[in-house]
Every structure is written in C-alpha cells, then in structure tokens.
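Undergrad: Let's see this in three dimensions:
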Amino acid sequence: AELIRKATGNLEASIRDRILSEFFSWGPVEPLLSDPEITEIIINGPESIWFEKNGFLSQLNDGFSSELSYKRFLDRTCLEAGKHYSLENPFCDGSVRDFRLHFCAQVVSPKNSVLTLRRQAEFQWTLEKLKNLNWTAENNLKFLQNIILNRENILIVGPTGSGKTSVMNALINSIPQNERCVIIEETTELKLPNQCSVALLTRKDANGLLPDIDQSDLVRHSLRMRPDRLIIGEVR
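TA: The predicted structure follows:
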C-alpha cells in the first residue's frame, strides 16, 4: 500500500483511492455494493461486469485494470467467504457480506473465472409484506397460511430470481414460536423463525482433506434433533 501511495503521489486523490481499492478491496465493483437497489452482480471477466437493478441487467462502464488485478480480487473475495477452489474442485458457494456467492474457476470457464453475487435481503419477509406488494391475492395467502398451520408439506418451484427464497422466508416467519425447525442449506439464505430452531450447512472441502457433507446426510442427522419441521433450502 505504501509503495502504491508513493508511485501515485502525483495523481488525483480519487484515482489513488481507486488503485488502492483495486489492490485491496472491491475495485470497480465498490459502487455496486453500496446501491441497495442492485440485487445481483455478475462478473464474467475483468472488463465484463454486469448488475441487475429493478429486474433488468446492465453492463458497468468500468472494469479491472489487468488480469492479475482481477485474479487477486477473486482470491480475496473467496478468502473473505471462507472458501477455496482448486483444479479438482473449481466451484464454490458461500456468503460474503450481505451477498450469496457462487464462483466458477477458469478451468471450466475457459475465457475467465466467473463470480456471481446475489444480495440477501436484510429485512424479514412476511406474508403481510407479500400482500402489500400484491404478490398474490389475499385468499391465496390465507391458503398458504393454513398449510403452515396444518403442518402440510410445501414444495416451492420457480426460475432463478423469481422470489422463491423470499416466499420461503415469509412462510417461515409465520411458523408458531414454540415449534423447532431444522433448516438445511448449502449457503445461508433462510432466517431462523425462533431461538429453539437451528440451521445446518452442507460442506464440500476443495482440498479433499475432509469428507463432504451433503443435504441427504443432514436430513438423516436432523431426524435425531427433535424437529417439528424440516426446511430444505435450494435443491439443485
């Protein structure tokens, strides 16, 4: 950092800050993170950065200064998420800040490594909020509420970005406070409904040193944990 400051001493402060950000932080992605209306960030390469806002994809008129700078950014991001990729395991999923992360290394994406970040909502979804957004008719929300109260099984299916997780969180929010839920996920997206509930996460060790733990393993173990309800997150 000190070498960069000395080498860029005759430049404008904004340019110096941008160079430092690219070496040690998010670089050109920084302004996208601070915009709460941006729901997804897609990075296909150092000069191909896209973002979703109000349901539409747009390309960012900016990029990383070099392939090396881009690779360092990817390594830092995966490290912050506590994830590691390798030739044997070129994919990783995780969470970083308020985003869900998916990484695909160059070994399977020949042109560039690809990073996809989806913003996770900070507020709690409820059926009342879905009603206020005119997500569906009120009688349909009552129908879903009755399914929850009667402890019936629900399968939520839909395309990417259709709001499956938001609806699941709203339904979870309507579960009685004295019922214990075990939530099973690959990455943390669903909110616990109460303090007696617990979340379990799958594990895939990119180094191959630890045995993998998949959703089926967690379902078997969860049945020994006295659940009133089992909630399975995204199934792919």
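Undergrad: ranges for the strands of the chain?
TA: Here the chain has its strands, by DSSP state E, at 38-45, 48-53, 56-59, 91-96, 99-104, 114-119, 181-185, 198-201, 229-232.
Undergrad: The longest one versus strand 114-119: what angle between them?
TA: Calculated by axes from the mean of the first three to the mean of the last three CA atoms, to 10 degrees, strand 38-45 forms an angle of 170 degrees with strand 114-119.
Undergrad: Contacts only, for Leu210.
TA: With contacts defined as CB atoms under 8 Å, 6 or more residues apart in numbering, Leu210 is in contact with Arg203. Where C-beta positions appear, they are placed from N, C-alpha and C, glycine not excepted.
Undergrad: Pretty sure Gly45 sits against Ser109.
TA: No. Judged on CB atoms under 8 Å, Gly45 makes no contact with Ser109 at a distance of 9.2 Å.
Undergrad: Looking at these two, which is more packed in?
TA: The residue with more neighbours, out of Gly45 and Ser109, is Gly45; 17 against 13, by other CB atoms under 10 Å.
Undergrad: okay, now the closest residue to that one other than its chain neighbours: neighbour count?
TA: Using CB to CB, 6 or more residues apart in numbering and skipping the chain neighbours, the partner closest in space to Gly45 is Asn112 (3.5 Å). Residue neighbour count, defined by other CB under 10 Å, stands at 19 for Asn112.
Undergrad: So what sits opposite the residue most central in space within the chain in the bridge?
TA: Centroid-nearest residue in the chain: Arg100, 1.1 Å away (criterion: CA atoms, centre = their mean). In this entry, Arg100 is beta-bridged to Ser95, Arg118, by DSSP bridges.
Undergrad: could I get the strands of the chain as a markdown table with mean pLDDT?
TA: A markdown table is the format used below for the strands of the chain (pLDDT from 0 to 100):
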| stretch | mean pLDDT |
| --- | --- |
| strand 38-45 | 94 |
| strand 48-53 | 95 |
| strand 56-59 | 94 |
| strand 91-96 | 88 |
| strand 99-104 | 92 |
| strand 114-119 | 93 |
| strand 181-185 | 96 |
| strand 198-201 | 95 |
| strand 229-232 | 96 |
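Undergrad: can you put those strands in CSV and add distance to Ser25?
TA: Conversion of the strands of the chain to CSV gives the following (distance: least, CB to CB, whole Å):
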stretch, distance to Ser25
strand 38-45, 14
strand 48-53, 15
strand 56-59, 21
strand 91-96, 12
strand 99-104, 15
strand 114-119, 14
strand 181-185, 28
strand 198-201, 27
strand 229-232, 35
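Undergrad: tell me the most buried of these?
TA: Comparing the strands of the chain by mean neighbour count (mean count of other CB atoms under 10 Å), strand 181-185 comes out on top with a mean of 22.
Undergrad: which other helices and strands contact that strand?
TA: In terms of contacts (3 or more CB pairs under 8 Å, 6 or more residues apart in numbering; DSSP states H and E), strand 181-185 is packed against strand 198-201, helix 215-222, strand 229-232.
Undergrad: quick one: which of these is nearest Ile172?
TA: Proximity to Ile172 (CB to CB) singles out strand 229-232 among these, at 6.5 Å.
Undergrad: And that closest one, what does it pack against?
TA: strand 181-185, helix 215-222.
Undergrad: Apply 10 Å and report the result again.
TA: helix 164-173, strand 181-185, helix 215-222 (3 or more CB pairs under 10 Å, 6 or more residues apart in numbering; DSSP states H and E).
Undergrad: low pLDDT regions in the chain?
TA: Applying pLDDT under 70 to the chain flags residues 123, 206.
Undergrad: contacting residues around Asn146?
TA: When contacts are counted by CB atoms under 10 Å, 6 or more residues apart in numbering, Asn146 is found next to Glu152.
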